[in-house]
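K.L.:
What follows is a predicted structure for the sequence shown.
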Amino acid sequence: MLVISIVQQKGGVGKTTLAVNLAGELRSRSKRTVVVDADPQASAMAWAAPRRLGFEVKPELVTSGTSAQWVRNVLKQQADFVIIDTPAGLGPVFRAAVDAADLIVVPCGPSSLDLNAARQTLAATATLLRQDDRSLARVIVVPTRVDKTTPEGQQIADELAALGEPVSPVLSHDVYFVRAFAQGATVGSAAPASPAASEVRALTDFMLERLPRSA
Ligand SMILES: Nc1ncnc2c1ncn2[C@@H]1O[C@H](COP(=O)(O)OP(=O)(O)OP(=O)(O)O)[C@@H](O)[C@H]1O
Ligand SMILES: [Mg+2]
């Protein structure tokens, strides 16, 4: 089993959108996939509420003093992939999610605020991994909500590359992602021929190539 944690200090960068669509793509490749919703806002749970996703989304909140038990619960899942959706911030949920992860995914939108937050998220992640001697865990950055028609959108991948971790293919700012949430679906199932779905497939290929071992 492989654990992929989606983390970012900043809110609204597309963590939940990434978690659910990535899970849908892995499921469509016949991988047993579970999303763990560690966000008290429970957006991934809301996404799954119409029961159309085809994979399980489970709530598992980190409350004070329960981080070690939370990690054990995550690692107990019967799945090829566990994808953890976390709330914004670098607090206990972030630390527990990094602790459990084989792959840490940092989504980042195309603004300087997002970029600063990604920098801080990567620094905090590196510190935790160093402290725990976790040299096998991998980190990638995912440019999200990118509008390639703007200079900011065109530059974001280069700016993110300067932060020193591998940068994945981008997820564009695209109404298909918003619609998929409204439909309780993923872009791959609701609109398989859309550019959004093909971006999720490219991103999934990129991630699978960078996992420490295959599932
Ligand atoms: N690639 C995209 N294109 C267009 N809209 C997007 C995209 N990704 C996310 N959104 C929209 O942006 C908003 C925030 O996305 P999402 O909930 O995934 O972010 P988040 O990082 O999980 O937020 P939070 O920190 O509140 O948990 C949502 O309305 C979502 O539909
Ligand atoms: Mg979210």
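P.N.:
Now that the structure is in, tell me what you want to look at. Numbering: from 1, shown residues only. Ligands and ions are numbered 1, 2, ... in the order given.
K.L.:
In this structure, what residue comes closest to ligand 2?
P.N.:
Minimum separation of the chain from ligand 2 (Cβ to the ion) falls at residue 16, amounting to 3.3 Å. C-beta: built from backbone N, CA, C; applies to glycine.
K.L.:
In contact with that residue, which residues?
P.N.:
Residue 16 makes contact with 6, 39, 43-44, 47, 85, according to Cβ atoms under 8 Å, 6 or more residues apart in numbering.
K.L.:
Kindly reformat those residues as a markdown table containing pLDDT, distance to residue 150 and neighbour count.
P.N.:
Below are these laid out as a markdown table (pLDDT from 0 to 100; distance: Cβ to Cβ, whole Å; neighbours: other Cβ atoms under 10 Å):
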| residue | pLDDT | distance to residue 150 | neighbour count |
| --- | --- | --- | --- |
| 6 | 98 | 25 | 29 |
| 39 | 98 | 29 | 24 |
| 43 | 98 | 26 | 18 |
| 44 | 98 | 29 | 27 |
| 47 | 98 | 28 | 27 |
| 85 | 98 | 28 | 28 |
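K.L.:
For the chain, just list every one of the strands.
P.N.:
Counting by DSSP state E, residue ranges of the strands within the chain are 2-6, 33-37, 56-59, 81-85, 103-108, 138-143.
K.L.:
Mind putting the contacts of residue 16 into JSON lines with distance to ligand 2?
P.N.:
Formatted as JSON lines, the contacts of residue 16 follow (distance: Cβ to the ion, whole Å):
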{"residue": "6", "distance to ligand 2": "8"}
{"residue": "39", "distance to ligand 2": "5"}
{"residue": "43", "distance to ligand 2": "4"}
{"residue": "44", "distance to ligand 2": "7"}
{"residue": "47", "distance to ligand 2": "9"}
{"residue": "85", "distance to ligand 2": "6"}
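K.L.:
Please tell me how far residue 56 sits from residue 141.
P.N.:
27 Å (Cβ to Cβ, to the nearest Å).
K.L.:
Neighbour count for these two, which is higher?
P.N.:
Ranked by neighbour count (other Cβ atoms under 10 Å), residue 56 and residue 141 place residue 141 first, with 24 against 15.
K.L.:
The more buried one against residue 160, yeah?
P.N.:
Yes. The pair residue 141 / residue 160 is scored as a contact, 4.9 Å apart, by Cβ atoms under 8 Å.
K.L.:
what about residue 37, neighbour count?
P.N.:
26.
K.L.:
Can you name the residues bridging to it?
P.N.:
Beta-bridge pairing of residue 37 under DSSP bridges involves residue 59, residue 85.
K.L.:
wait, what's in contact with the nearest residue to residue 96 once chain neighbours are set aside?
P.N.:
Spatial nearest neighbour of residue 96, excluding adjacent residues (Cβ to Cβ, 6 or more residues apart in numbering): residue 67 at 4.3 Å. Counting by Cβ under 8 Å, 6+ apart, residue 67 makes contact with 92, 95-96, 99.
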